[in-house]
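J.: Fold the stuff below for me.
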Amino acid sequence: MTGGPFLAIDTSTTLAVVALGDDAGSPIAEDSWAAGHRHGEELLPRIGRLLEGSRVELRQLAAVVVGTGPGAFTGLRVGVATAKALAHALGRPIVGISSAEALLAAAGDANERLVLLLPAGPSDRVVVRRGTAPELLPGGVDPVVEMGETVVAVDLADRAPAEAVVRGEAARRGLAAALLTIAAARLASGDTDDLARLVPEYVTLPRGVRASSGEVAWSRDLR
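T.: Model (predicted):
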């Protein structure tokens, strides 16, 4: 199936997002909410209401798009698992998009030198620049910000400069639109992901679980 609306899901931040876009990436509808630890309870009902309000049936979806992080274990696990289950059940392609890439796109134009900061547990943070892999910063370590770079901080109200937090809030409000735009371009070119190989980028893991391929590299032992 080609053309038609597609569904985008992102659960990488404390504000979960679901959105519908047309084949050009223009938004049809979106919803966002403070998810807390209730992703598993709220995500499917929110998707259902979004589709119903837009008069779109599941079978009409042309693809499923999901933000892959970096983000915390619980939220990302639910979001990615839900997206993969829907894509599998519907027989539709899936597109995994770096949530950091989408946040950076929402935060400013491609010419701006942006440094994205995200939380990784109660004290660590993750730093991401365009075109580079996420890097975990241990608690107490600040990113090296070069001349001309601007910091964008998401979910770090008490752990980043105020101006960076304000810019991060704006980026998060634009996350759905950025996901739709990036996804539409990839779908138009046939650039989709293998359902079985698509994995999230976790920044916090349950006790006893170690990071592996596809996850943000940790700079110290998790024990």
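J.: could you measure the closest residue to residue 119 other than its chain neighbours against residue 122, distance?
T.: Taking C-beta to C-beta, 6 or more residues apart in numbering as the measure, residue 119 lies nearest to residue 155, with 5.0 Å between them; neighbours along the chain are not counted. To be clear about C-beta, it is placed using only N, CA and C from the backbone, and glycine gets the same treatment. Here the criterion is C-beta to C-beta, to the nearest Å. By it, residue 155 lies 12 Å from residue 122.
J.: Looking at those two, which is more packed in?
T.: The residue with the greater number of neighbours, taking residue 155 and residue 122 and applying other C-beta atoms under 10 Å, is residue 155; the counts read 20 against 8.
J.: how about low-confidence regions in this protein?
T.: Flagging of the chain using pLDDT under 70 yields the residue ranges 1-2, 204-223.
J.: Break this structure down into its structural domains.
T.: Split into domains by automatic domain parsing, the chain comes to 6-100+175-204, 103-171.
J.: Give me whichever of those domains is most buried.
T.: Sort the domains of the chain by mean neighbour count, taking mean count of other C-beta atoms under 10 Å, and domain 6-100+175-204 sits at the top with a mean of 20.
J.: What is the distance between that one and the centre of its chain?
T.: Distance of domain 6-100+175-204 from its chain centroid, counting by C-alpha atoms, centre = their mean, to the nearest Å, is 8 Å.
J.: How about stretch 120-131?
T.: Taking C-alpha atoms, centre = their mean, one finds the center of stretch 120-131 at 13 Å from the center of the full chain.
J.: got the contact list for that stretch?
T.: Identification of contacts with stretch 120-131 by C-beta atoms under 8 Å, 6 or more residues apart in numbering yields 70, 72, 100-101, 104, 110, 113-119, 134-140, 143, 156, 159, 203-204, 216.
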